[in-house]
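next one to model:
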Amino acid sequence: MTNAIVMNTLTGAVSEYDNFAFQSITPTRAGAVTGLFALGGNTDLGLPIVAQALTGKALFGASVKKFLDLVYFSLAGSGTSSLIVQGAVAAYVYTFPVRAPGESRARPGRGIRENYLALGYSNTDGADFRLDRIEALVNASQNRRV
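Residues are numbered from 1 along each chain as shown. Have a look, this model is predicted:
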């Protein structure tokens, strides 16, 4: 199994897929050494399809250390999802329920103190979703840079 990097030629968006066993692919079929596979459905070999989106690391203003108060997700979906907070060394995952009105929130742990942070989303139970926006309430340290 290898990784595959795919670029949407209309938007320029890049996606990465891990454990990608196909060597050829069309919009509806994929070919591998083991045969031809139909693309579609809600499961992958009977397991829920878990997706993950992660932003690049950002400074969020000044160079002082930051901590996250709340993270809001504008998304349509259901079930349970996860907020991913990635720092310089470690990544932290926090589960939250997806709310029907389209705005959900997650409260990250209070111990994260980083200059650069990346934020992400995962549909932990494999439910369908449409993610439109991630908005973080970031608080800066008064004087801590290092």
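
list the buried residues of stretch 53-69.
The neighbour-count check on stretch 53-69 (16 or more other Cβ atoms under 10 Å) flags 60, 64-68 as buried. Where you see a C-beta, it was placed from the backbone N, CA and C, and this is true even at glycine.

what residues does that stretch touch?
Contact with stretch 53-69 is made by 84-86, 107-108, 110, 112-122, 131, 134, 136-145, as judged by Cβ atoms under 8 Å, 6 or more residues apart in numbering.

picking that back up, could you single out the nearest of the buried residues of stretch 53-69 to residue 95?
Comparing those against residue 95 with Cβ to Cβ places residue 68 closest, at 15.4 Å.

name the element the closest one belongs to?
Assigned by DSSP states H and E, residue 68 falls within strand 66-77.

got the angle for whichever helix or strand comes after that strand vs strand 66-77?
As assigned by DSSP H and E, the chain's next helix or strand after strand 66-77 is strand 80-86. Regarding strand 80-86 and strand 66-77, their directions subtend 150 degrees when assessed with axes from the mean of the first three to the mean of the last three Cα atoms, to 10 degrees.

what strands flank strand 80-86, and is each parallel or antiparallel?
Strand pairing for strand 80-86, using DSSP bridges, gives strand 91-97 (antiparallel), strand 118-122 (antiparallel).

and the helix or strand following the last one, what does it pack against?
Meaning strand 118-122. Counting by DSSP H and E, the next helix or strand C-terminal to strand 118-122 is strand 129-140. Helices and strands in packing contact with strand 129-140 are listed as strand 66-77, strand 118-122; criterion 3 or more Cβ pairs under 8 Å, 6 or more residues apart in numbering; DSSP states H and E.

what is the residue positioned nearest the centre of the chain paired to in the beta sheet?
Per Cα atoms, centre = their mean, the C-alpha nearest to the average position across the chain is that of residue 53, at 2.4 Å. On the basis of DSSP bridges, residue 53 is bridged to residue 121.

good, we can wrap up now.
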